[in-house]
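**Q** Next input, structure requested:
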Amino acid sequence: MSHLRIALNGLCTGLLALSSFVAVATTANAQGEPTGACCLREHFCVVTTRAACDRMHGVYQGDATSCDNAACAPGPTGACCLPNGFCAVISEHRYTDVGGTFQGAGTTCDGVNCAAAPTGACCLHDTFCATLTAEQCARFGGTYRGDGTTCDAAGCPTVPTGACCFENGFCQISTAARCALHHGTYQGDGSTCDSANCQPAPTGACCLPNGRCIVATARRCGAAGGTYQGDGVTCDAAHCPAPPTGACCFHTGFCRVTTERRCSMAGGTYQGDGTTCDASNCPPATVGACCLPHGGCIVIPADRCAAAGGTYQGDGTTCANSSCPPPVTGACCLPDGHCVVTSADRCAHAGGHYQGDGTTCDTAGCPPPPATGACCLPDGHCVQATADRCAGAGGTYQGDGTDCANSSCAPGAFGACCLPDGHCIMATADRCAHAGGTYQGDGTNCMMSNCAGGPTGACCLRDGMCVVLSAEQCMHAGGHYQGDGTSCDNGGCPPPPATGACCLPDGHCVITTAERCGFGHGQYHGDGSTCDAAGCPPPPGIGACCLPDGHCLMTPAELCTAIGGTYQGDGTNCMTSHCGPTGPTGACCLPNGRCETTSADRCTAAGGQYQGDGTNCMTSHCAPPPGGACCLRGGFCVMVTADMCTHLGGTYQGDGTVCGNATCPH
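**A** Predicted coordinates for the structure are as follows:
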């Protein structure tokens with residue numbers, strides 16, 4: 001469990017670092033201080049001031065430096081004692097984020113004796129009390145009552161509660177604040193679910209911005225940016241308007257009709273609503289060979305070559321006739337001990353150690369990977385891991401060189417464990433006790449354990465079963481709570497709805513209720529019917545379509561012919577059709593910088609640059625889309641592409657611009 005918490009803390013740390021960067025970048029722009037690259041944790045790099053970099057515990061690379069040239073490497077790792085007495089191996093700069101004590105670079109958990117921090121009663125929001133450390137209590141915004149205190153004697157203040165009605169008609173006893181947080185309707189202090197009479201919110205057709213229609217409540221429709229058509233209105237009667245389309249010109253001269261948003265995302269130029277490709281003049285952009293800074297050559301327009309830092313060889317030139325230097329490569333020692341010859345950038349991206357330009361794997365002397373063996377986890381599963389990783393996961397290491405095929409891992413007894421903060425985890429009895437929790441017994445599970453305390457009652461589940469849960473647990477299980485103190489002995493849960501075979505429009509068959517079958521526009525074959533006897537007909541005019549590049553799609557015959565495919569016949573499918581490429585293929589550099597192997601025609605249709613028959617993406621160097629400074633609301637500045645800046649609602653400052661020189665208005 002400790003490694004799971006560390007992973008969650010790492011995620012939160014990354015988000016905090018990003019939010020700090022945005023705030024710091026704003027300050028730097030406002031004060032006009034010199035900026036440079038700042039190496040943060042987990043290889044992150046931002047452009048900011050020296051003072052701001054120090055506040056974020058980063059390593060400043062110097063004034064006017066950029067992240068493109070900064071070599072940000074992870075810091076040393078070592079054992080870290082956590083407040084609950086657990087031990088984890090993490091980076092040195094992360095121990096403060098998890099409230100731990102770093103034991104030194106290179107240390108391991110095997111040689112460290114971590115003592116748990118003292119605990120006491122912590123009064124949290126909404127009348128809840130948990131036994132936590134002082135640091136944990138402060139982190140959750142609670143009031144610590146002192147070491148050794150108990151919740152029974154803590155005297156935490158109470159907050160009034162009442163019935164909270166949700167959109168789906170469920171009712172739960174909650175505080176007013178929690179009810180509002182979950183978009184419920186609070187019925188007043190002291191009210192009960194028995195007297196609340198919660199009713200499901202009315203639904204109706206909701207027209208989304210992309211022209212689709214869904215059935216939702218008015219609130220959910222508004223949250224999705226849609227237009228609510230009224231209570232009880234169906235999608236069949238709504239007639240949601242499709243978004244306007246027009247011609248979209250790409251720099252290759254290719255044109256297709258699409259929406260303005262899709263055109264912008266694909267790097268095209270929108271010609272206006274209602275325009276057509278027949279009436280639009282889409283001249284192809286002039287392209288030529290571009291020698292990249294680190295070696296290699298690609299064929300792109302001159303402006304994209306300049307944005308990539310390359311040297312343009314002239315309009316109409318090709319890589320075959322250009323004397324671009326080959327990519328600079330060297331030996332790269334990967335974390336698993338293997339060695340590959342690649343560029344320094346690709347080596348760093350793979351987490352490897354670059355041995356220098358021109359080096360080879362024969363002379364690199366890459367260190368062997370750490371020894372691994374079979375690791376038996378507490379749940380009985382077996383994984384291949386190092387001894388340290390196995391211990392961190394609470395497993396039992398079987399020895400160097402052992403493998404799971406020859407190891408017999410017996411599962412330990414598992415059950416629900418109620419933690420001091422009211423949460424529930426699945427653990428062994430020993431690990432539950434080590435975490436300060438209360439073990440609920442072998443074979444128990446969190447769904448049926450009321451770790452948070454409070455009243456329970458009968459909960460009628462959708463399949464007709466009845467279980468005793470809290471109101472909140474019943475709501476999360478999709479059941480209907482019968483009230484505090486009720487029991488399953490009295491029955492009263494309605495039987496599950498009848499199901500049967502449902503033939504869907506695409507020819508598939510599913511077992512569902514008549515109502516759900518109708519929602520999917522299917523044909524219901526009656527209660528108790530089976531798919532074997534239903535005989536659902538295949539959809540008319542649909543079959544496998546083999547494309548020139550070897551891919552397969554399910555399409556009508558007409559569409560298959562229109563896209564240059566070979567139709568395999570009505571009722572055929574891609575699982576049984578053997579489609580292979582019918583012509584030469586090669587690497588295709590797409591407008592977003594990605595590389596795909598396809599035919600020349602399909603590459604041009606996608607707005608890409610074809611690198612030649614027989615080329616592949618491993619040896620083709622596709623230039624990434626140009627980026628620059630993007631001014632967001634409030635004076636924030638981030639380094640992104642033009643499309644991403646538009647998606648974020650910002651103002652793009654131009655290709656090659658940097659936040660250090662951008663003046664973003666507040």
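**Q** Break down the stretch 251-400 of the chain into its strands, ranges please.
**A** Ranges of strands in the stretch 251-400 of the chain, per DSSP state E, counting those that start in this stretch, are 255-259, 269-270, 287-291, 297-301, 311-312, 330-333, 339-342, 353-354, 373-376, 382-385, 396-397.
**Q** Give me the contact list for the fourth one.
**A** Okay, so that is strand 297-301. Applying Cβ atoms under 8 Å, 6 or more residues apart in numbering, the contact partners of strand 297-301 are 251, 285-292, 308, 318-319, 322, 324, 589, 609, 611, 620-623. In short, each C-beta sits where N, CA and C put it, glycine included.
**Q** nearest spatial neighbour of residue 607, skipping sequence neighbours?
**A** Leaving aside its sequence neighbours, residue 607 sits nearest to residue 250 (Cβ to Cβ, 6 or more residues apart in numbering; 3.8 Å).
**Q** what separates that neighbour from residue 609, distance-wise?
**A** Distance, residue 250 to residue 609, using Cβ to Cβ, to the nearest Å: 11 Å.
**Q** swap in residue 458?
**A** According to Cβ to Cβ, residue 458 stands 66 Å off from residue 609.
**Q** likewise residue 243?
**A** According to Cβ to Cβ, residue 243 and residue 609 sit 29 Å apart.
**Q** who's more crowded, the two?
**A** Ranked by neighbour count (other Cβ atoms under 10 Å), residue 243 and residue 609 place residue 609 first, with 23 against 16.
**Q** need the contact list for that one.
**A** Applying Cβ under 8 Å, 6+ apart to residue 609 gives the contacts 252, 287, 298, 299, 300, 588, 589, 603.
**Q** Find the nearest non-adjacent residue to it, please.
**A** Per Cβ to Cβ, 6+ apart, closest to residue 609 is residue 589, 4.6 Å.
**Q** Quick one: residues contacting the one you found.
**A** Residues near residue 589 by Cβ under 8 Å, 6+ apart: 298, 300, 595, 608, 609, 611, 620, 622, 623.
**Q** If the second one is in a bridge, with which residues?
**A** According to DSSP bridges, the residues that bridge with residue 300 are residue 288.
**Q** ok, it - how many residues close by?
**A** Neighbours around residue 300, by other Cβ under 10 Å: 24.
**Q** Okay, it and residue 342: tell me how far apart.
**A** Relative to residue 342, and taking Cβ to Cβ, residue 300 is found at 22 Å.
**Q** Was I right to think residue 595 contacts residue 587?
**A** Yes - the criterion here is Cβ atoms under 8 Å, and residue 595 meets it with residue 587 at 5.6 Å.
**Q** list the residues that contact both of those two?
**A** Common contacts of residue 595 and residue 587, defined by Cβ under 8 Å, 6+ apart, comprise 617, 620, 622.
**Q** Of those, grab the buried ones for ChimeraX.
**A** In ChimeraX, a selection of the buried entries from the shared contacts of residue 595 and residue 587 looks like this (16 or more other Cβ atoms under 10 Å):
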select :617,620,622
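**Q** Dump the shared contacts of residue 595 and residue 587 to TSV, plus distance to residue 454, secondary structure and pLDDT.
**A** TSV is the format used below for those (distance: Cβ to Cβ, whole Å; DSSP: H, G, I helix; E, B strand; the rest coil; pLDDT from 0 to 100):
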residue	distance to residue 454	secondary structure	pLDDT
617	57	coil	77
620	61	coil	72
622	58	coil	79
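**Q** so which of the shared contacts of residue 595 and residue 587 comes closest to residue 162?
**A** Residue 162 lies nearest to residue 622 out of the shared contacts of residue 595 and residue 587, by Cβ to Cβ, at 60.0 Å.
**Q** is it true that the closest one touches residue 591?
**A** No - between residue 622 and residue 591 there is no contact under Cβ under 8 Å: 9.9 Å.
**Q** sec struct for residue 644, please.
**A** Secondary structure, DSSP: H, G, I helix; E, B strand; the rest coil: residue 644 is helix.
**Q** so how far is residue 592 from it?
**A** For residue 644 relative to residue 592 (Cβ to Cβ), the value is 10 Å.
**Q** For residue 498, list the residues it contacts.
**A** When contacts are counted by Cβ under 8 Å, 6+ apart, residue 498 touches 513, 514, 527, 528.
**Q** Give me the buried subset of those residues.
**A** 513, 514.
**Q** Tell me the one among the contacts of residue 498 nearest to residue 313.
**A** Checking the contacts of residue 498 against residue 313 by Cβ to Cβ gives residue 513 as the nearest, at 66.0 Å.
**Q** Just give the closest residue to the closest one, not the sequence neighbours.
**A** With sequence-adjacent residues excluded and distances taken as Cβ to Cβ, 6+ apart, residue 513 is closest to residue 497, at 4.7 Å.
**Q** Tell me the predicted confidence for the one you found.
**A** We have a pLDDT of 79 for residue 497.
**Q** what's the answer for the one 5 residues further on, then?
**A** The confidence metric pLDDT takes the value 88 at residue 502.
**Q** in the chain, which helix or strand is least confident?
**A** Using mean pLDDT, DSSP states H and E, helix 2-31 stands out as the lowest-scoring helix or strand of the chain, at a mean of 37.
**Q** how many neighbours does the closest residue to residue 313 other than its chain neighbours have?
**A** Using Cβ to Cβ, 6+ apart and skipping the chain neighbours, the partner closest in space to residue 313 is residue 289 (4.1 Å). Applying other Cβ under 10 Å, we find 24 residues neighbouring residue 289.
**Q** does residue 619 count as helix, strand or coil?
**A** Going by three-state DSSP, the secondary structure assigned to residue 619 is coil.
**Q** swap in residue 604?
**A** Classification of residue 604 using three-state DSSP returns helix.
**Q** And the contacts of stretch 481-488?
**A** The contact list for stretch 481-488, computed with Cβ under 8 Å, 6+ apart, reads 170-173, 192-194, 455-460, 466-469, 471, 474-475, 492.
**Q** could you redo the last one with a cut-off of 6 Å?
**A** Residues outside stretch 481-488 that contact it (Cβ atoms under 6 Å, 6 or more residues apart in numbering) are 194, 455, 457, 458, 459, 466, 471, 474.
**Q** out of those residues, which are buried?
**A** For these, a burial check counting by 16+ other Cβ under 10 Å picks out 457, 458, 459, 466, 471, 474.
**Q** Identify, from the residues you listed, the entry nearest to residue 361.
**A** Nearest to residue 361 out of these is residue 474 (Cβ to Cβ; 60.7 Å).
**Q** List the residues that contact that closest one.
**A** By Cβ under 6 Å, 6+ apart, the contact set of residue 474 is 459, 481.
**Q** did I read that right, it in a helix?
**A** Yes - under three-state DSSP, residue 474 falls within a helix.
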